[in-house]
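> after the sequence you'll find the predicted model.
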Amino acid sequence: MFEVTNDMNRRTVTVRLSGFVRPTEMKDFVTAYKTATDAYNGGRHLVLADMRGLRTLEPESANLFGEVVAYGRARGCLMCAHVSDSTISRLQTARVASEAAPNDPITVDCVSLDEAQTQLAKARARHFLGAEPVAAMAAGR
């Protein structure tokens, strides 16, 4: 299962991958992700990658996921807040991401969606507002 949403006001693409994502479904995900990324015309944006419940990817799906990572990095992704509840899935996606973007300095592993939202708020303030957010803003209040 996958879902891709794009909040242009917050300059954030949100992706949700869970369960077994077979290559045919991953190809559809790649298309949806590229469409969301292309909405920024190469401009700066953020990504929330919610991978809770994602099962280990087949090699073809993993290669396609790596394509998505490289595509986003080459087209303005400044930070990816990554949430996963599976060590194996997290390690696999980290490996694929590091192959697609060596020395990847922009992926932030988060333990919860709340932490991911806090990290994204900080990144928005730093990259788009030129300041660190106040505590209430970072907490989503």
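Received, thanks.

> list the contacts of the residue nearest the centre of the chain.
The chain has A49 as the residue nearest its centroid, 3.4 Å off, counting by CA atoms, centre = their mean. A49 makes contact with V15, L17, C80, A81, H82, V83, T93, according to CB atoms under 8 Å, 6 or more residues apart in numbering. For glycine as for every other residue, the C-beta is placed from the backbone atoms N, C-alpha and C.

> also E67?
Here E67 is in contact with V30, A100 (criterion: CB under 8 Å, 6+ apart).

> so what pLDDT did it get?
Predicted confidence (pLDDT) for E67: 93.

> hmm, which two among the contacts of A49 are most spread apart?
Maximum pairwise distance among these (CB to CB): 14.1 Å, between L17 and A81.

> hang on, the earlier thing: filter the contacts of A49 down to the ones in strands?
Here DSSP state E is the test, and the contacts of A49 give V15, L17, C80, A81, H82, V83 as lying in strands.

> now the residues you listed in a markdown table, with pLDDT, distance to V69 and neighbour count?
Shown next, in a markdown table, are those (pLDDT from 0 to 100; distance: CB to CB, whole Å; neighbours: other CB atoms under 10 Å):
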| residue | pLDDT | distance to V69 | neighbour count |
| --- | --- | --- | --- |
| V15 | 97 | 11 | 22 |
| L17 | 96 | 12 | 26 |
| C80 | 94 | 8 | 25 |
| A81 | 95 | 14 | 25 |
| H82 | 93 | 10 | 21 |
| V83 | 95 | 16 | 22 |
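
> redo those as JSON lines? Include distance to V111.
Output for those, formatted as JSON lines (distance: CB to CB, whole Å):
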{"residue": "V15", "distance to V111": "18"}
{"residue": "L17", "distance to V111": "18"}
{"residue": "C80", "distance to V111": "15"}
{"residue": "A81", "distance to V111": "11"}
{"residue": "H82", "distance to V111": "10"}
{"residue": "V83", "distance to V111": "8"}
